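Q: need the 3D shape of this:
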Amino acid sequence: MHQHVQVIEKDAVFQRLVEDRIFNQLPCVVVTSKGMPDLATRAFCAHLLQSCPLICLGLVDWNPSGVAIMRTYKYGSRYMGLESHRYALTGLKWLGIRSCMMGEVEADAMQTLTPRDRSMITTLSKELTHSDPEWVEELKEMDESGYKLDIEAVYDGVGGFQGLSPMLATAILRNEYV
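A: Predicted structure coming up:
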């Protein structure tokens, strides 16, 4: 029986996790909408979560856009009107990439936050302060560091592609998500 749903931001990461057969390491359903969540993906996940008692975990870049993607999955899209909240994944937890996973990442893999990133951090922090304080803490760390990180950059620090699946599996088994 599946125990959780992994919602993956990027198709390339999704493909790699499928190739690694992460669902054989941990019983899970792996889903992507290839970037910003579309209605079909959110509707599928919402139906799945209503039908089965599963934990929903998000794997996104450690940047404001990644947090915005998770916010859309969790609360729905502002632009979709009344229909959007119907497919909200209110139990979504942030699996990664998070600051605690970046210990072995090379400094040159980090990217400098842009003024737009900083503006998004401010907006997201205000929106999520009461509902997701742990997410706001990650945004604060991001802002204070002045950097952001793509999921792909973590590959080099954790043993290449082969290191990503075990890192995620360990985080899931230890309940290291917020």
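Q: what's the least confident helix or strand in this structure, going by average pLDDT?
A: The helix or strand of the chain with the lowest confidence, counting by mean pLDDT, DSSP states H and E, is helix 151-157 at a mean of 72.
Q: can you pull the buried residues of the helix or strand Ala171 falls within?
A: Using DSSP states H and E, the secondary-structure element containing Ala171 is helix 161-173. Along helix 161-173, these residues count as buried under the neighbour rule (16 or more other Cβ atoms under 10 Å): 164-165, 167-168, 171-172. Quick note: C-beta positions are derived from backbone N, CA and C, even for glycine.
Q: got a list of what Glu116 touches?
A: I think there's a mix-up here, since residue 116 is Arg and not Glu. Counting by Cβ atoms under 8 Å, 6 or more residues apart in numbering, Arg116 touches no other residue.
Q: which stretch of helix or strand covers it?
A: The secondary structure element spanning Arg116 is helix 115-128 (assigned by DSSP H and E).
Q: so what touches whichever helix or strand comes after that helix?
A: Along the chain past helix 115-128, the next helix or strand (assigned with DSSP H and E) turns out to be helix 133-145. Among residues not part of helix 133-145, those counted as contacts by Cβ under 8 Å, 6+ apart are 62-64, 67, 70, 94, 98-99, 110, 113, 118, 121, 124-125, 128-129, 148, 178.
Q: buried residues in helix 133-145?
A: In helix 133-145, counting by 16+ other Cβ under 10 Å, buried: 135-136, 138-139, 142-143.
Q: hey, C-alpha coordinates of that helix in CSV?
A: Listed next in CSV are the C-alpha coordinates belonging to helix 133-145 (Å, rounded to 0.1, in the frame of the first residue of the first chain):
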residue,chain,number,x,y,z
PRO,A,133,5.5,29.2,9.9
GLU,A,134,8.1,26.5,9.1
TRP,A,135,8.0,27.5,5.4
VAL,A,136,8.5,31.1,6.5
GLU,A,137,11.6,30.1,8.5
GLU,A,138,13.0,28.6,5.3
LEU,A,139,12.2,31.8,3.4
LYS,A,140,13.9,33.8,6.1
GLU,A,141,17.1,31.6,5.9
MET,A,142,17.0,32.0,2.1
ASP,A,143,16.7,35.8,2.4
GLU,A,144,19.4,36.0,5.0
SER,A,145,21.8,33.8,3.0
